[in-house]
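# With the input below, show me the fold.
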Amino acid sequence: MEESIIQIKEKAKEEIAKVEDLKQLDEIRVKYLGKKGELTAVLKGIGSLAPEERPIIGELVNKVRDELDELIKQNVNILSKKILIEKMKKEKIDVTIPSKKQEIGTLHPINKIIKEVEEIFLGMGYCIADGPEVEKAIYNFDKLNTPIGHPARDLQDTFYINEDIVLRSQTSPVQVRVMEEQKPPIKIICPGKVYRSDSVDATHSPVFHQIEGLVIDKDVSMADLKGTLEMFAKKCLGEKTRIRFRPHHFPFTEPSAEADVSCFVCGGKGCKVCKGEGWIELLGCGMVHPNVLRGCKINPDEYSGFAFGFGVERIAMAKYGIDDMRLLYENDVRFLKQF
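Presented below is the predicted three-dimensional model:
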């Protein structure tokens with residue numbers, strides 16, 4: 001019996017010495033020390049021995065068992081370190097290798113203009129107002145002194161959901177909503193998306209962005225309008241920018257004007273950007289029509305005001321020298337990276 005136990009020990013040591021991974025080592029542990037292992041079987045057979053042999057054999061089995069268990073633990077540690085070293089060799093990082101370039105996004109030029117304009121007018125004491133893009137016709141037309149039958153309400157000019165609902169053709173309805181809800185003084189700008197039934201070309205799109213402004217207070221004059229727009233033009237397009245008014249007609253303002261700015265590229269001498277004229281058409285503006293004030297229950301004999309509006313795309317094209325509006329919508333990263 002003693003010889004058999006020694007043979008089991010030596011055989012187990014030989015197998016442990018040849019082990020190359022933890023799985024094999026665990027299989028050897030189970031083979032010799034498990035519930036059905038060879039040493040465990042010897043222990044179970046001690047009962048059949050003579051009484052005087054039992055303690056001797058039992059002590060020997062336990063000694064061999066402890067020796068093999070310790071040997072297995074030592075090899076577990078050795079193999080674990082070996083596996084870790086191999087893994088570190090395979091997964092090591094060369095910190096001297098240049099990292100992959102991180103692409104950082106920027107604001108779209110349209111959003112850049114909107115943010116810039118908002119900052120300019122916030123600095124002048126204006127608030128930012130917002131309203132629905134799907135608008136009631138009464139706000140988009142009637143309350144802006146544009147009754148049924150007016151050319152602007154033609155089906156070819158405006159996107160109708162039904163007879164009473166349209167996709168707003170300007171952000172002016174926001175002004176009306178504010179005038180209905182807020183008593184003067186009012187000082188707001190209304191940035192947002194607008195829709196018109198235009199064909200897509202270098203200067204037109206059925207969807208574009210607009211920013212309108214409104215001031216209602218006592219003793220507001222055309223001079224206040226011109227001074228405000230001059231301040232805006234200088235802040236947005238450069239300190240040397242000049243502004244001029246040309247008579248025009250808008251149903252919701254009287255008197256009305258188109259505002260041009262001196263070309264910020266050539267300074268008014270004439271170039272490709274301003275098509276040789278020295279001036280760039282920028283926006284429409286005027287004094288708020290008395291009918292619009294009355295429709296919002298504001299007394300035109302007590303209050304007056306001015307309004308203006310311009311396309312954000314037009315500002316972006318003028319400021320960045322873009323000659324085709326479609327470039328702003330094509331999402332060509334090569335183009336957008338320039339801004």
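
# Return the set of buried residues in stretch 290-307.
Neighbour-count burial for stretch 290-307 flags 290-293, 295-296, 298, 303-307 (criterion: 16 or more other Cβ atoms under 10 Å). All C-beta atoms are positioned from the backbone trio N, CA, C, and that covers glycine.

# can you check stretch 66-79 too?
Applying 16+ other Cβ under 10 Å to stretch 66-79 flags 68, 71-72, 75, 79 as buried.

# and these, which of them are in helices?
Those of the buried residues of stretch 66-79 mapping onto helices are 68, 71-72, 75, 79, per DSSP state H.

# And the residues you listed, which is closest to Tyr126?
Leu79 (73.5 Å; Cβ to Cβ).

# The closest residue to that closest one other than its chain neighbours - how many residues pack around it?
Excluding the flanking residues, the one nearest Leu79 by Cβ to Cβ, 6 or more residues apart in numbering is Leu22, at 5.4 Å. Residues near Leu22, counting by other Cβ atoms under 10 Å, number 14.

# Pick the one among the ones in helices among the buried residues of stretch 66-79 closest to Gln338.
Closest approach to Gln338 among these (Cβ to Cβ): Leu79, at 59.1 Å.

# which residues touch that closest one?
By Cβ atoms under 8 Å, 6 or more residues apart in numbering, the contact list for Leu79 reads 19-22, 25.

# Among those, find me the one that's closest to Lys183.
Lys183 lies nearest to Leu22 out of the contacts of Leu79, by Cβ to Cβ, at 81.4 Å.

# wouldn't that closest one be in contact with Val76 here?
Yes - assessed by Cβ atoms under 8 Å, Leu22 is found in contact with Val76 at 6.6 Å.

# average pLDDT across stretch 106-120?
Taken as a whole, stretch 106-120 has an average pLDDT of 93.

# where exactly do the strands run in the protein?
127-128, 134-136, 165-167, 186-195, 207-217, 243-250, 253-262, 279-288, 304-311 (DSSP state E).

# Please name the nearest non-neighbouring residue to Gly125.
Closest to Gly125 by Cβ to Cβ, 6+ apart is Lys187, at 5.9 Å.

# beta partners of that neighbour?
According to DSSP bridges, the partner residues bridging Lys187 are Val215.

# wouldn't it be in contact with Thr228 here?
No - applying Cβ under 8 Å, one finds Lys187 not in contact with Thr228, separated by 9.9 Å.

# what's the overlap in contacts for the two?
Applying Cβ under 8 Å, 6+ apart, one finds that Lys187 and Thr228 are jointly contacted by Val215.

# need the buried residues of stretch 290-307 in JSON lines with pLDDT, can you?
Putting the buried residues of stretch 290-307 into JSON lines (pLDDT from 0 to 100) gives the following:
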{"residue": "Pro290", "pLDDT": "95"}
{"residue": "Asn291", "pLDDT": "94"}
{"residue": "Val292", "pLDDT": "94"}
{"residue": "Leu293", "pLDDT": "95"}
{"residue": "Gly295", "pLDDT": "93"}
{"residue": "Cys296", "pLDDT": "94"}
{"residue": "Ile298", "pLDDT": "95"}
{"residue": "Tyr303", "pLDDT": "96"}
{"residue": "Ser304", "pLDDT": "96"}
{"residue": "Gly305", "pLDDT": "96"}
{"residue": "Phe306", "pLDDT": "97"}
{"residue": "Ala307", "pLDDT": "96"}
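
# Could I get the residues you listed in TSV, plus columns for distance to Glu133?
Converted to TSV, the buried residues of stretch 290-307 look like this (distance: Cβ to Cβ, whole Å):
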residue	distance to Glu133
Pro290	28
Asn291	25
Val292	21
Leu293	25
Gly295	22
Cys296	21
Ile298	25
Tyr303	29
Ser304	29
Gly305	24
Phe306	25
Ala307	19
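
# out of the residues you listed, what pair is the most spread apart?
Gly295 and Phe306 (17.0 Å).

# Next up, the contacts around Val292.
So Val292 contacts 143-145, 176, 179, 252 (Cβ under 8 Å, 6+ apart).

# Just the buried residues from those residues, in PyMOL please.
Remark: buried members of those, expressed as a PyMOL selection using 16+ other Cβ under 10 Å:
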select buried, resi 143+144+145+176+179+252
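
# ok, so of the contacts of Val292, who is nearest Lys87?
So of those, ranked by how close each gets to Lys87 (Cβ to Cβ), first place is Val176, at 69.9 Å.
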